[in-house]
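Novice: I need the structure of the sequence given here:
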Amino acid sequence: MAINHVRSSLTPDQVFAHLTNPWEYPKWLLGASKMRDVDDSWPAVGSNFHHRVGIGPIKVNDRSQVLEIDPPRKLVLLVKARPLFQGKVTFTVEPDGDGSLLTLEEEPAFPGASLVRPLVDPPTHARNEKSLENLADLMHPGDGETAS
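Specialist: This is a model prediction of the structure:
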């Protein structure tokens, strides 16, 4: 499982508002190239946002689904870029001093995932580190927040 963190000077409610705004994902999440639609019931459990993901000329249309939500503490998504990937992403937001600590955990979620985890965890960690840096910049440009 790839685990990354970023500290924010924003409150957990403010950080969670960014996580539940899927229209912002292409601005910070590496590999997310375009939002296509968001279900009217978003972000209720079972609702989806529809996206285009990929790198370079290899892009696919798919969707991500809310598996669990506990505002402003937790958001769990089943993320899809089929046929290449399906994963479970857990965002956890905790108060941290005068701000928040956002943790992103991502693991492959498909048959045989345990066999490929050692291969996919390192690049997933690197991608998510950069994505959280981008999110920190989006949430408060110029503050110099860092991801790990």
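
Novice: show me what counts as buried in the helix ranked longest in the chain.
Specialist: In the chain, with assignment by DSSP state H, the single longest helix is helix 113-139. The neighbour-count check on helix 113-139 (16 or more other CB atoms under 10 Å) flags 120-121, 124-125, 127-129, 131-136, 139 as buried. Bear in mind the C-beta positions are built from the backbone N, C-alpha and C, glycine included.

Novice: now the strands for this protein?
Specialist: 2-8, 32-38, 48-55, 58-70, 74-81, 85-96, 99-108 (DSSP state E).

Novice: which residues touch Arg117?
Specialist: Listed by CB atoms under 8 Å, 6 or more residues apart in numbering, the contact set of Arg117 reads 1, 107-108.

Novice: out of the residues you listed, which are buried?
Specialist: The buried subset of the contacts of Arg117 (16+ other CB under 10 Å) comprises 107-108.

Novice: before we move on, back to that, what angle sits between the longest helix of the chain and strand 48-55?
Specialist: 100 degrees (axes from the mean of the first three to the mean of the last three CA atoms, to 10 degrees).

Novice: for helix 113-139, give the mean pLDDT please.
Specialist: For helix 113-139, the mean pLDDT works out to 90.

Novice: now the angle from it to strand 85-96?
Specialist: If you take the same axes, to 10 degrees, helix 113-139 sits at 50 degrees to strand 85-96.

Novice: weakest of the strands of the chain by average pLDDT?
Specialist: Here those differ in mean pLDDT, and the lowest is strand 48-55 at a mean of 88.

Novice: neighbouring strands of it in the sheet, and parallel or not?
Specialist: strand 32-38 (antiparallel), strand 58-70 (antiparallel) (DSSP bridges).
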